[in-house]
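*Asks:* coordinates only, sequence not included:
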């Protein structure tokens, strides 16, 4: 097995390293092909000169720009006109602000064949015209060109930084969990193998099916592999340690461990993969692409943890647990923490269930405090140059937006389209940029700032009036229009994917538990923990962190990940509970026994999973921070409140009815008067010690 995985790694490494080169992070790559802004981007790319690079040089001096500053801006405009091919053949104009503190030089460059050429051009303009301004004068590059370059620079840091941050977090937690100088390394090596294999498979999917994979999707896959893979390793190692105390030969102990915990791990990974596959139905390309990417990561982690990790553990034998080696015939230490939890549930199930439900409901009210959609200017935790440039333009030119809106119309109706555009309320200016291929491009500026309510109204009115212009086939695009189309696509996807995910998870639980009531209890519980986590986000994002918006995909992605991953721990609990019931225990005793015997290892796994998703908070993008925060909080709520108290309390109160309509619901039970206290085998984890 070890030789097999060495061969797999040798084959996949060259391809896995290419994944970062294949990710796409432009908004237009995320959008469905039917969106107006997508059609605009496709038509513009096919026009003479190809896609445009729209940028704005911003010059600002606090005491007012000088004649020398104006000469510098004019000279820079001439240099850009001489060095690049400009849309419409017009040289950039220097536009002063009314307060005299700011100059702007908008330009639109064509003839750049691809994104790499565009980024190289931005870098050249910054080196030549921005890098060394005169004393007292700030010079910055804004507009779509600057934002695109700054976003690309941030995304380039994501994969490496996130990989190191996640690996560091997992390493620390594994060392604390196992308290061994060697054992922590084996799961970490296996996670690394799973990550590289996953990246190679995803790269193959991109090449074969033109799958849209964003840097955020790649980052989410990395975190998912580290979190889920480490969880599977914790469960396997815990059972292996238990079997080593009962079995003299490590190979036999591992065989028994895999056979007994393998089905639960398979069911867990299957639930996560099924929930992620539901994302394929999304209209948004980036969301649809995340589905197979995440599923590939989970399945690769599963394959590695059930094959390579057992092989490594057997090769190293018992000594890998040094200094806490589980000797054959020894007894695990008794624990009291989860035993006391079970006792409290058995004595006050109604109080615990009601108070826990009220607490989740109260936390969920925090969703009312969630801010609106995240604007592009607020997407970075540390604002780059392009964003500060746009903020200066917003203050200095309140009468005109500084971000172009692009209208594409049939060339033979271009004059009518231009006249209609100029007459739309909220439009400050409109000019023909270029024509070709039967189309004409019109560059439009709104009277209101980018992504403001006023600009959104202007774009909607513009689209409505152009739709009435027969024969023009006019469509409206640009960054602001793309943001609007993204928001609409996200809204439609939520209405479809959330019910689909719930149905898929519920179906798998019904098949696994052979019941209707137990799956419903578990599904409602994890959905409630997601709602509470979103509510906590509402209490933190704007009041504490100062974020002025939430990402459009936040609700959908955190729901899919939160529910799918939260159900994992419920599966381990209820599967063990059903096993105890099948072996003759009454349902109430089975519920408390399952809590005692799964509590420690699942608590450790929950902490690891939450910590890995919390690593997203180290990223410089607000959207990633928000996703990592909500999922991490949801996992912790599910681990220490929902699964431990609420699901166990509900099971205690329902008794055998929780298995309805299966045969376990029809048997005669005589529950004990007091909950039994049982010793629990020692699982891996600090809580176990």
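*Replies:* Nice, thanks for sending it over. Because the structure is a prediction, the values reported are computed rather than measured.

*Asks:* what about residue 71, how many neighbours?
*Replies:* Other residues lying near residue 71 total 11 when counted by other C-beta atoms under 10 Å. C-beta: built from backbone N, CA, C; applies to glycine.

*Asks:* swap in residue 614?
*Replies:* Residue 614 has 22 neighbours, counted by other C-beta under 10 Å.

*Asks:* residue 667 now?
*Replies:* Counted with other C-beta under 10 Å, residue 667 comes out at 12.

*Asks:* residue 120 too?
*Replies:* Residue 120 has 13 nearby residues by other C-beta under 10 Å.

*Asks:* now swap in residue 319 and tell me
*Replies:* So residue 319, with other C-beta under 10 Å, has 12 neighbours.

*Asks:* measure it to residue 242 for me?
*Replies:* Counting by C-beta to C-beta, to the nearest Å, the gap from residue 319 to residue 242 is 18 Å.

*Asks:* same question for residue 228.
*Replies:* Per C-beta to C-beta, residue 228 is found 22 Å from residue 242.

*Asks:* the two: which is more packed in?
*Replies:* When residue 228 and residue 242 are compared for neighbours, residue 228 comes out ahead with 32 against 23, by other C-beta under 10 Å.

*Asks:* how distant is the one helix or strand the more buried one maps to from the center of its chain?
*Replies:* Here residue 228, judged by DSSP states H and E, is contained in helix 215-244. Remark: helix 215-244 is offset 18 Å from the chain centroid, using C-alpha atoms, centre = their mean, to the nearest Å.

*Asks:* what angle do the next helix or strand after that helix and helix 215-244 make?
*Replies:* Per DSSP H and E, helix 215-244 leads on to helix 250-277 as the next helix or strand towards the C-terminus. Angle of helix 250-277 versus helix 215-244, following axes from the mean of the first three to the mean of the last three C-alpha atoms, to 10 degrees, is 150 degrees.

*Asks:* tell me what helix 250-277 is packed against?
*Replies:* Contact here means 3 or more C-beta pairs under 8 Å, 6 or more residues apart in numbering; DSSP states H and E; on that basis helix 250-277 packs against helix 215-244, helix 285-316, helix 479-513, helix 554-582.

*Asks:* could you give the mean pLDDT of that helix?
*Replies:* If you average the pLDDT over helix 250-277, you get 88.

*Asks:* could you point out the helix or strand that follows the worst-scoring helix or strand of the chain on mean pLDDT?
*Replies:* Taking mean pLDDT, DSSP states H and E as the measure, the chain has helix 337-347 as its least confident helix or strand, at a mean of 65. Under the assignment DSSP H and E, the closest C-terminal helix or strand after helix 337-347 is helix 349-364.

*Asks:* right, and the helix or strand after that following helix?
*Replies:* With elements assigned by DSSP H and E, the helix or strand that comes after helix 349-364 is helix 385-396.

*Asks:* what's the spacing between stretch 67-76 and its chain's center?
*Replies:* Using C-alpha atoms, centre = their mean, the offset of stretch 67-76 from its chain centre is 45 Å.

*Asks:* quick check: buried residues in it?
*Replies:* Buried residues in stretch 67-76, counted by 16 or more other C-beta atoms under 10 Å: 69, 72, 73, 74, 76.

*Asks:* closest one of the residues you listed to residue 103?
*Replies:* Comparing the buried residues of stretch 67-76 against residue 103 with C-beta to C-beta places residue 73 closest, at 4.7 Å.

*Asks:* OK, contacts around the closest one?
*Replies:* Applying C-beta atoms under 8 Å, 6 or more residues apart in numbering to residue 73 gives the contacts 57, 59, 94, 103, 105.

*Asks:* any idea which of those residues is the one closest to residue 198?
*Replies:* Nearest to residue 198 among the contacts of residue 73 is residue 57, at 42.4 Å by C-beta to C-beta.

*Asks:* got the contact list for the host helix or strand of the closest one?
*Replies:* Using DSSP H and E, residue 57 sits in strand 53-60. With contacts defined as C-beta under 8 Å, 6+ apart, strand 53-60 is touched by 65, 69, 72-73, 76-77, 101-110, 112, 118, 121-122, 125, 129-130, 133, 137-146, 389, 392-393, 396, 402, 404.

*Asks:* and for stretch 291-300?
*Replies:* With C-beta under 8 Å, 6+ apart as the test, stretch 291-300 has contacts from 194-195, 197-198, 201-202, 205, 211, 213, 217-218, 220-222, 224-225, 228, 269, 272-273, 276-280, 282, 561.

*Asks:* now swap in stretch 171-189 and tell me
*Replies:* Contact partners of stretch 171-189, identified using C-beta under 8 Å, 6+ apart, comprise 167, 170, 229-230, 233-234, 237, 305, 309, 312-313, 316, 320-324, 604, 607-608, 611, 684-686, 689.

*Asks:* show me what counts as buried in that stretch.
*Replies:* Residues of stretch 171-189 classed as buried by neighbour count (16+ other C-beta under 10 Å): 173, 174, 177, 178, 180, 183, 184, 185, 186, 187, 188.

*Asks:* now do the end-to-end distance for it.
*Replies:* For stretch 171-189, the first-to-last residue distance is 10 Å (C-alpha to C-alpha, to the nearest Å).

*Asks:* shift numbering so it begins at 45
*Replies:* Sounds good: first residue 45 from here, last item stretch 215-233.
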